[in-house]
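Chemist: Predicted model, plus sequence, below.
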Amino acid sequence: QVQLVESGGGLVQAGGSLRLSCAASGRTFSSDTMGWFRQAPGKDREFVAAISWNGGRTYYADSVKGRFTISRDNAKNTVYLQANSLKPEDTAVYYCAANPSTSYYTPVYAYWGQGTQVTVSS
């Protein structure tokens, strides 16, 4: 059974940091693009960041560029999202995804995690 399990979410004050992790099991994702998306209440799921199979290329939404960093450890089958300088508008459920069906920024991926809540207080 293929699973993506996110962790590391929580409540943080504006300006603070969190490190999200996404641990994969059931198959190796070392050859897949991995992505992070988020969804705030009443809004569509939006792209946050993506990373190529070997970490050589990374992509970010303009809203998080310079504040968030995506990375991966293929030996651990894990992808990370370091979120710094958090803002209240970053509040959302953050989802990990693997193996995009179309483009990396479109939320059509083969595998999804269950999400982890990030809440940023002002």
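Modeler: Sure, I can see it. Numbering: from 1, shown residues only.
Chemist: Please identify the buried residues of stretch 57-68?
Modeler: Tyr59, Tyr60, Ala61, Val64, Phe68 (16 or more other C-beta atoms under 10 Å). Every C-beta, even on glycine, is put in place using the N, C-alpha and C of the backbone.
Chemist: and of those residues, the nearest to Arg19?
Modeler: Of all the buried residues of stretch 57-68, Arg19 sits closest to Phe68, with 10.4 Å by C-beta to C-beta.
Chemist: If you drop the residues flanking it in sequence, what lies closest to that closest one?
Modeler: Nearest residue to Phe68, sequence neighbours excluded (C-beta to C-beta, 6 or more residues apart in numbering): Ala83, at 5.1 Å.
Chemist: At the geometric centre of the protein, which residue sits there?
Modeler: Nearest to the mean C-alpha position of the chain, counting by C-alpha atoms, centre = their mean, stands Trp36 at 2.5 Å.
Chemist: check contacts around that residue.
Modeler: Leu20, Cys22, Val48, Ala49, Ala50, Ile70, Val79, Leu81, Tyr94, Tyr95, Cys96, Ala97 (C-beta atoms under 8 Å, 6 or more residues apart in numbering).
Chemist: Could I get the pLDDT score of the residue lying closest to Ala97 once chain neighbours are set aside?
Modeler: Nearest residue to Ala97 in three dimensions, chain neighbours excluded: Tyr109, at 3.7 Å (C-beta to C-beta, 6+ apart). We have a pLDDT of 93 for Tyr109.
Chemist: ok, now the one 10 residues further on?
Modeler: We note a pLDDT of 98 for Thr119 in this prediction.
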